[in-house]
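Peer 1: let me see the structure of the following:
(one chain, ligands or ions: 1)
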Amino acid sequence: TVYTASCTAPVNIATLKYWGKRDKALNLPTNSSISVTLSQKDLRTLTTASASSDYTSDKLWLNGKEESLESPRSKACLQDLRQLRAQVEASNSDLPKLSQYKLHIVSENNFPTAAGLASSAAGFAALVSSIAKLYKLPQDMSELSKIARKGSGSACRSLFGGFVAWEMGESIDGEDSKAVEVAPLSHWPTLKAAILVVSDDKKDTPSTSGMQLTVATSDLFQYRIKDVVPKRFEEMKSAILAKDFEKFAELTMKDSNSFHAVCLDSYPPIFYLNDTSKKIIKLVHKLNELEGKIIAAYTFDAGPNAVIYYDESNEQKVLGLLNTYFGSLGGWESYQGETLPKLEIEGTDSEIYKGVSRIILTSIGEGPQETDQV
Ligand code: DP6
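Peer 2: Below is the predicted model:
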């Protein structure tokens, strides 16, 4: 017999960044973080996990290609899930001993890896959700998020939809370092995100080693984790609960800038933003200035791609801006059957925005979903 279960999991983009570990093996962070979960219509990982006494080893196929499950991170996840399954089996001896069977895991992204989006968060969230479903584990999402966290820190936040906090916790074993829901998708369903894929040939410093370097060398980082983030964490949660876009947006932009500042303060410095990223930052500030209020917020992770958050009520304006500056590249002349206005900002040169290769329009979304599809 082959036992099987499938789940999909979303991508999340931090609005308050996780950067720095207090424990590398357990992925325990030096600060709490907050993210928005993106819609799985546009971006998701679908994972099918199967267990059988006939399988001779654990195997993983990612987008059709066999990959290793031998990394300490993957092994930690599988070990934790098997241990929880063993507890289920111990309390009900009629159940098949799936904890002792090898696993075959087939995982697929609905977005091209070439889009330059980090997929490890959705990947580990889908891995943990599908195996938890296969094993019929009773643990809730926060409990499971601790397992996904060991796969990749940011993955713990992909276990929930809407707005999610990763509480850093204090204990050495990481038992209180978990994801919790701040607000569900239904709280603020009109929140939208545009992902600006910035072409870049250079290989970034991987986030794991980048964080280690920052923790070891940046003085500014000490200030960030002690004096800046704890306050910002509370303020951002309040802004989300109040659906205060301006406050939420300001905190999001400031935190992205603070994160890239500690990267620059690392020694040797780490650069994730390129010239195109910087132009996007200026453009968003100009748009907000022109409007007399904040209607769009940018954020950047460990690479030059931008994510721009905005509310649906301002879609025409934000897309109008993107249309003007990136239109020729993205086929933006019409969107949902409507002709977009051109929004030009005085003193800018649209020629200089050609560094964006693709724009993905998406919105806030749900957490992992069980699916029959295998
Ligand atoms: C800049 O979660 O990829 O995107 O825990 O080493 O796997 P590991 O790191 P990862 O780091 C994400 C860093 C970030 C900020 C964030 O998502 O909060």
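
Peer 1: the stretch 251-374 of the chain against the ligand: which residues are in contact?
Peer 2: 301-302 (C-beta under 6 Å from any ligand atom). Glycine gets a C-beta too; all of them are placed from N, C-alpha and C.

Peer 1: so which residue of the stretch 251-374 of the chain comes closest to the ligand?
Peer 2: The stretch 251-374 of the chain approaches the ligand most closely through Asp301 (3.7 Å), counting by C-beta to the nearest ligand atom.

Peer 1: would you map the strands across the stretch 251-374 of the chain?
Peer 2: 296-299, 306-311, 334-335, 338-339, 356-363, 369-371 (DSSP state E, counting those that start in this stretch).

Peer 1: packing partners of the fifth one?
Peer 2: The contact analysis (3 or more C-beta pairs under 8 Å, 6 or more residues apart in numbering; DSSP states H and E) places strand 356-363 against strand 191-198, helix 315-330.

Peer 1: run the last query once more with 6 Å
Peer 2: strand 191-198 (3 or more C-beta pairs under 6 Å, 6 or more residues apart in numbering; DSSP states H and E).

Peer 1: could you export the strand it packs on as CSV, CA atoms only?
Peer 2: Only the C-alpha atoms of strand 191-198 are listed here, as CSV (Å, rounded to 0.1, in the frame of the first residue of the first chain):
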residue,chain,number,x,y,z
LEU,A,191,-4.4,44.4,0.2
LYS,A,192,-2.5,43.9,-3.1
ALA,A,193,1.1,43.2,-4.0
ALA,A,194,3.0,43.8,-7.2
ILE,A,195,6.3,41.9,-7.5
LEU,A,196,8.8,43.7,-9.7
VAL,A,197,11.3,41.2,-10.9
VAL,A,198,14.6,43.0,-11.3
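
Peer 1: tell me the helix or strand right after that strand.
Peer 2: helix 207-217 (DSSP states H and E).

Peer 1: any buried residues in the very next helix or strand once past that next one, and which?
Peer 2: Scanning forward in sequence from helix 207-217 by DSSP H and E, the next helix or strand is helix 219-223. With burial defined by 16 or more other C-beta atoms under 10 Å, the residues of helix 219-223 counted as buried are Phe221.

Peer 1: go on, stretch 355-374?
Peer 2: Residues 355-369 are the ones in stretch 355-374 that count as buried (16+ other C-beta under 10 Å).

Peer 1: can you pull out the strands in the stretch 1-150 of the chain?
Peer 2: 2-10, 12-16, 21-23, 28-29, 33-37, 44-52, 59-62, 65-67, 102-109.

Peer 1: what is the mean pLDDT for stretch 216-234?
Peer 2: For stretch 216-234, mean pLDDT is 98.

Peer 1: does the ligand sit close to that stretch?
Peer 2: No. Shown here: stretch 216-234 not in contact with the ligand (C-beta under 6 Å from any ligand atom), separated by at least 11.1 Å.

Peer 1: can you list contacts of that stretch?
Peer 2: For stretch 216-234, the surrounding residues in contact (C-beta atoms under 6 Å, 6 or more residues apart in numbering) are 16, 30-32, 214, 251, 258, 262, 265-267.

Peer 1: Ala183 is nearest to which of the strands of the stretch 1-150 of the chain?
Peer 2: strand 33-37 (10.1 Å; C-beta to C-beta).

Peer 1: pull up the pairing partners for that closest one, direction included.
Peer 2: Looking at strand 33-37 with DSSP bridges, its partner strands are strand 12-16 (antiparallel), strand 163-167 (antiparallel).

Peer 1: and the ligand, is the first one touching that?
Peer 2: Put plainly, it is strand 12-16. Yes. Contact of strand 12-16 with the ligand (C-beta under 6 Å from any ligand atom) involves Ala14.

Peer 1: in the stretch 151-300 of the chain, which spans are helices?
Peer 2: With helices called from DSSP state H, counting those that start in this stretch, the stretch 151-300 of the chain shows them at 207-217, 219-223, 229-241, 245-264, 275-291.

Peer 1: most tightly packed of the ones you listed?
Peer 2: With neighbours defined as mean count of other C-beta atoms under 10 Å, these peak in mean count at helix 245-264, which reaches a mean of 21.

Peer 1: let me see the mean pLDDT of it.
Peer 2: Mean predicted lDDT for helix 245-264 stands at 98.

Peer 1: before we move on, what about stretch 181-189?
Peer 2: 98.

Peer 1: in contact with Lys24, which residues?
Peer 2: Lys24 neighbours (C-beta under 6 Å, 6+ apart): none.

Peer 1: residues of the stretch 101-250 of the chain that sit close to the ligand?
Peer 2: By C-beta under 6 Å from any ligand atom, the part of the stretch 101-250 of the chain that sits against the ligand consists of 118, 120, 152-154, 207-208.

Peer 1: quick one, which of the residues you listed are buried?
Peer 2: 118, 120, 152-154, 207.

Peer 1: pick out whichever of those residues sits closest to Glu289.
Peer 2: Ala118 (30.7 Å).

Peer 1: coming back round to it: quick check: the two most widely separated of the contacts of stretch 216-234?
Peer 2: So, the contacts of stretch 216-234 by C-beta to C-beta: farthest apart are Leu251 and Tyr267, at 27.6 Å.

Peer 1: got a pLDDT number for Val282?
Peer 2: Val isn't right for residue 282; it's Lys. Note on Lys282: pLDDT of 91.

Peer 1: against Tyr325, how distant is it?
Peer 2: 11 Å (C-beta to C-beta, to the nearest Å).

Peer 1: just Gly20 next, same as before
Peer 2: The value you get for Gly20 to Tyr325, if C-beta to C-beta is used, is 34 Å.

Peer 1: over to Asn92?
Peer 2: In this view, Asn92 and Tyr325 are 60 Å apart by C-beta to C-beta.

Peer 1: now do Asp176
Peer 2: 45 Å.

Peer 1: who's more crowded, those two?
Peer 2: Tyr325 (27 against 12; other C-beta atoms under 10 Å).
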